[in-house]
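K.L.:
structure of the sequence below:
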Amino acid sequence: MFTILDTHFRVILVNARHVKNVPGHKTDKKDSAWIAKLLASGLLKPSFIPQQSIRELRELVRYKKKLINQRVEHVNRLHKVLQDGNIKLASVVSNVRG
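P.N.:
Numbering: from 1, shown residues only. Modelled structure (predicted):
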């Protein structure tokens, strides 16, 4: 959501704990006005947001990690199916994936 809004507006991300720690009465209906007042008063400190290139790199690294984990799950599932079928592939081959 941040990346979509960032292209059109100046977006500031704030830690929710900082908003909760500032005294005052906050309800669902008054939250946006309350947060705007806090921001205008300078009571909220913006969180660090890395550059677009760093965010994209992080997303790629997370996706790569997800794909690696999926591959490992598939290999383990294959190994389990073979074991259940009474095929002891691990006793013959040192690397099940190879």
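
K.L.:
contact partners of stretch 37-55?
P.N.:
Outside stretch 37-55, the residues that touch it by C-beta atoms under 8 Å, 6 or more residues apart in numbering are Phe2, Thr3, Ile12, Leu13, Val14, Asn15, His18, Val19, Val22, Gly24, Ile35, Arg58. For every residue, glycine as well, the C-beta is placed using N, CA and C.

K.L.:
list the buried ones in it?
P.N.:
Of all the residues in stretch 37-55, those buried under the rule 16 or more other C-beta atoms under 10 Å are Leu38, Leu44.

K.L.:
now that stretch: average pLDDT?
P.N.:
Stretch 37-55 carries an average pLDDT of 86.

K.L.:
distance from that stretch to the middle of the chain?
P.N.:
In this view, stretch 37-55 has its centroid 18 Å away from the chain centroid, taken as C-alpha atoms, centre = their mean, to the nearest Å.

K.L.:
now the helices for this structure?
P.N.:
Counting by DSSP state H, the chain has helices at residues 2-6, 16-21, 31-41, 52-84.

K.L.:
would you format the ones you listed as CSV with distance to Ser94 included?
P.N.:
As requested, the helices of the chain are exported to CSV (distance: least, C-beta to C-beta, whole Å):
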stretch, distance to Ser94
helix 2-6, 45
helix 16-21, 51
helix 31-41, 59
helix 52-84, 13
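
K.L.:
out of these, deepest packed?
P.N.:
helix 31-41 (a mean of 12; mean count of other C-beta atoms under 10 Å).

K.L.:
quick one: distance of it to the chain centre.
P.N.:
On C-alpha atoms, centre = their mean, the centre of helix 31-41 falls 27 Å from the chain's centre.

K.L.:
ok, back up a step: out of the contacts of stretch 37-55, which two sit at the greatest distance?
P.N.:
Greatest spatial distance in those: Gly24 and Arg58, 34.6 Å, computed using C-beta to C-beta.

K.L.:
re earlier: among the helices of the chain, which gets the worst mean confidence?
P.N.:
helix 16-21 (a mean of 71).
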